[in-house]
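[1] take a look and give me a structure for this.
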Amino acid sequence: MDLGDPINLLQWPAMLVTLVAAWLVGSLHKRKRGWGFWAFIASNVLWVVWAWHDHAWALIALQVGLFVTNVRGARKNESDDDTPHQNNAD
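    Numbers count the residues shown, from 1 in each chain. Below you'll find the predicted structure:
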């Protein structure tokens, strides 16, 4: 890893934001889950920037797919009430 290239350092905040997002999405509280989905969306952008620089096309494809699922999760969270559901089948 070339530490002289600032883009290479981007993978570390991307990883940290991803972990924080996963923690928040696991919350029972609607507001924290919402922040988690937005953090995941931010991490998707960070990963795409890093992957583009490194020509990691499969990672970009993965992040686009995850971005779509995170937008879906954020929308579902917005329409959801603040109580956990027993059977939340799609």
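
[2] just for this protein, where's the confidence low?
    By pLDDT under 70, the weakly predicted segments of the chain are 1-3, 81-90.

[3] now for the longest helix seen in the chain, which elements pack on it?
    Determined from DSSP state H, the single longest helix within the chain is helix 30-54. Contact partners of helix 30-54 among helices and strands, from 3 or more CB pairs under 8 Å, 6 or more residues apart in numbering; DSSP states H and E: helix 6-9, helix 11-25, helix 57-79. Where you see a C-beta, it was placed from the backbone N, CA and C, and this is true even at glycine.

[4] CSV for those helices, including distance to G36 and mean neighbour count?
    Output for these, formatted as CSV (distance: least, CB to CB, whole Å; neighbours: other CB atoms under 10 Å):
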stretch, distance to G36, mean neighbour count
helix 6-9, 24, 12
helix 11-25, 3, 16
helix 57-79, 8, 14
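
[5] now those as a markdown table including distance to A51?
    Conversion of the helices and strands packed on helix 30-54 to a markdown table gives the following (distance: least, CB to CB, whole Å):
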| stretch | distance to A51 |
| --- | --- |
| helix 6-9 | 10 |
| helix 11-25 | 9 |
| helix 57-79 | 4 |
